[in-house]
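*Asks:* Got a sequence here, can you model it:
(one chain, ligands or ions: 1)
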Amino acid sequence: MRKIMMVDLKSQYEKLKTDIDAAVLEVIDTTAFINGPAVNKFQKNLETYLNVKHVIPCANGTDALQVSMMALGLKPGDEVITSSFTFIATAEVIALLGLTPVLVDVDPETFNIDPKAIERAITSKTKAIVPVHLFGQVADMEEIMAIANKHNLSVIEDNCQAIGADYFFKDGSKKKAGTISIIGCTSFFPSKNLGCYGDGGAVFTNDDDIATKLRQIVNHGMTVRYYHDMIGVNSRLDSIQAAILDIKLKHLDEYAAKRNKAADYYDKAFAGNPKLKTPVRSKKSNHVFHQYTLVTSGIDRFKMQEFLNTKGIPAMIYYPVPLHLQKAYLDPRYKEGDFPVTEKLCNSVISLPMHTELDDEQLQHIISSVLEFINQ
Ligand SMILES: *Cc1c(COP(=O)(O)O)cnc(C)c1O
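*Replies:* Next up is the predicted model:
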């Protein structure tokens, strides 16, 4: 049996090796390392895939979030509502820009931001909402957009974990995750569903003016070379990463199908188990399974993690600490108990290996080891 990993990038690479090696060597040969033709080609192909007017590549997902907030002109003191159950980057950029993060709890089924809680958190200072499409499933965007429109707020989708997922509207139409609101952000961190071989990220928008602003901001606030109309940052996707991403983009739907196949396998094995709650699949979105996350009850998941490790199986806890209890983000506005769903999830979730290369033998070994621990 091949070694089991949380994400098996090596096995995935081996299948694309000829194409990827040639694409990387071509960039080196042309020495167009920054803003070379590979970047433009990937950008156009991603625009087509997502059916979005503009993709603005940048250096990573955290920057994507930051430049989005800058492009919306958010100012210190403005309140930005986001989920208490997410990766730190979401709140980090809000705080770095001097904006005020306002946290709200999540839905216990989808782990995504609870629209009703958003509405309760809105004040006269609220300017934006940042839903996170956590673990590969799209937040309830139809509800969120209705709330945002009612209160005249901007929405930035943190789509770092759900690229390629579809969201289904009540009228039967659908849109790709990250293209529903004014701005969507993604990360091409190697372990993400569309990952490069280093760092990378992108912002999506259908708004021409916002796109122009974003292109300026990621390029030092520059329109004409060496004329700076606004304060910007330096945030680029390099050509080698773009060339790799362009190849992997062609496989993104097939990768999502492979992740779903592994998830189905796990679901079937753990269905009805009183100690393990399998991921709930929202009817409003398909799931691209960035993570396969179980909610445990009545077991010590750290012991389970240790037990699995002794069987050669990695398992991870995403995320062990809610944002409002992170040391750097302690705030007199919040205390333990304020976000009961998030806190319960942080105390009970565990994620199993999930990637595009899991085979039946590996899945069987993972499942029988999990059940062995549960039933001991
Ligand atoms: C990965 C991730 C980010 C940050 O992306 P980087 O490319 O690592 O900067 C932001 N938000 C979420 C939800 C993520 O999963």
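*Asks:* check contacts around the residue in the stretch 201-350 of the chain positioned nearest to the ligand.
*Replies:* For the stretch 201-350 of the chain, the residue closest to the ligand is Gly201, as judged by C-beta to the nearest ligand atom, at 5.1 Å. C-beta coordinates here come from the backbone N, C-alpha and C atoms, glycine included. Applying C-beta atoms under 8 Å, 6 or more residues apart in numbering to Gly201 gives the contacts 57-64, 160, 185-188, 235, 237.
*Asks:* How about Lys277?
*Replies:* So Lys277 contacts 294-297 (C-beta under 8 Å, 6+ apart).
*Asks:* repeat for Leu50
*Replies:* 176, 178-179, 204.
*Asks:* before we move on, back to that, of the contacts of Lys277, grab the buried ones for ChimeraX.
*Replies:* Selection of buried members from these for ChimeraX, criterion 16 or more other C-beta atoms under 10 Å:
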select :294,295,296
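*Asks:* So which of the contacts of Lys277 is the closest to Asp114?
*Replies:* Val295 (16.2 Å; C-beta to C-beta).
*Asks:* ok but that closest one is inside a strand, no?
*Replies:* Yes: remark: Val295 belongs to a strand, assigned using DSSP: H, G, I helix; E, B strand; the rest coil.
*Asks:* Identify the bridge partners of it.
*Replies:* The partner list for Val295 in beta bridges (DSSP bridges) reads Lys277, Val349.
*Asks:* Backbone dihedrals for the residue of the stretch 201-350 of the chain closest to the ligand, both of them.
*Replies:* phi -160, psi 170 (degrees, to the nearest 10).
*Asks:* Please name the bridge partners of it.
*Replies:* Beta bridges link Gly201 to Cys58, Ser187, judged by DSSP bridges.
*Asks:* that older thread, make JSON lines from the contacts of Leu50 and add pLDDT and secondary structure to it.
*Replies:* What follows is the contacts of Leu50, written out as JSON lines (pLDDT from 0 to 100; DSSP: H, G, I helix; E, B strand; the rest coil):
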{"residue": "Lys176", "pLDDT": "98", "secondary structure": "strand"}
{"residue": "Gly178", "pLDDT": "98", "secondary structure": "coil"}
{"residue": "Thr179", "pLDDT": "98", "secondary structure": "coil"}
{"residue": "Phe204", "pLDDT": "98", "secondary structure": "strand"}
